[in-house]
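Asker: Below: sequence and its predicted model.
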Amino acid sequence: MNILISNDDGIHAQGLRALADALSNLGEVWVVAPDRERSASGHSLTLNRPLRVTKVAPTWFTVDGTPTDCVALALMGMINRKFDLVASGINIGGNMGDDVTYSGTVSAAFEATLLGLPAFALSVVARRRVNFTTAGLVAIMVAKLIAKHGLPSNTMLNVNVPNCRPSAIKGVTITQQGRRRYDDIIVRKVDPRGKAYYWIGGKEPTWEPLEDSDYAAVMAGSISITPLHLDLTNSSAVEELQGWEFPWNDVSSTRGRRRATA
């Protein structure tokens, strides 16, 4: 099995090495990762400048771009391999709830899914003293199951692991994406010249109490596995919006009359 690995914490991240070491038990591992931390880069693709790739080991490459860039380059011809699986992580800090839309870790797996490869993102819900041993074992388990069963069409897995010993894990829960409440996320400061500048951050967000959520599962000591779909359509809203009356003829005719009188 040929396995591609990327992340958003950068080529030197301890979690990247832990994931590569774990999955090397299943096949040949290739790593293409950003040259520095790219957290919260989302699903961004670099289009306004060329990307530079540096080979740092026989199967390790670094890119001066985003996680999405890394996966796109690797799968679209930079590496002369046909990959069977893409894994992103191991991220330090959970990627749950609304955070998945910002996450470079999740976006790397999304890019692989867009390009037709089975993929998963893996994060440990912790900021310090991270237990990569547990997450490595989870990576092996998930990779084996994907190899055995495949994944539903246009779907990737977002995996979040409690920061504890393997023996302390309560089990595995298939979850839904949770919801966070953000408050005071902009911090305003003033530099020595009296000009304002801003940090996006602030207080730690709180979570809505949803029983089936990724956050609830991790807080209960379980591994959370959330299937994420590429189609962001809110299907329940389609019927409601179809009941709206869109007065396009009125709008377009008004614009035409304005041009005629100009």
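Answerer: Yes, it's here.

Asker: Mind listing residues that contact stretch 125-132?
Answerer: 14-15, 18, 90, 92-94, 96, 124, 160-165, 218 (Cβ atoms under 8 Å, 6 or more residues apart in numbering). Glycine gets a C-beta too; all of them are placed from N, C-alpha and C.

Asker: all strands for the stretch 101-250 of the chain, in order.
Answerer: 119-125, 155-162, 171-174, 180-181, 186-190, 196-200, 206-207, 222-229 (DSSP state E, counting those that start in this stretch).

Asker: buried stuff in the last one?
Answerer: The reference is to strand 222-229. Within strand 222-229, the residues that count as buried by 16 or more other Cβ atoms under 10 Å are Ser222, Ile223, Ser224, Ile225, Thr226, Leu228.

Asker: The first one and Ala22: what is the separation?
Answerer: The one in question is Ser222. 20 Å (Cβ to Cβ, to the nearest Å).

Asker: Same check on the fourth one?
Answerer: For Ile225, the distance to Ala22 (Cβ to Cβ) stands at 17 Å.

Asker: So what pairs up with Leu4 in the strands?
Answerer: For Leu4, the beta-bridge partners are Trp30, Val86 (DSSP bridges).

Asker: what about it, neighbour count?
Answerer: 26 (other Cβ atoms under 10 Å).

Asker: same deal with Leu16?
Answerer: 24.

Asker: other SSEs contacting the helix or strand containing it?
Answerer: Here Leu16 sits within helix 14-23, counting by DSSP states H and E. Counting contacts by 3 or more Cβ pairs under 8 Å, 6 or more residues apart in numbering; DSSP states H and E, helix 14-23 is packed against strand 2-6, strand 28-34, strand 85-92, helix 132-149.

Asker: Good, wrapping up.
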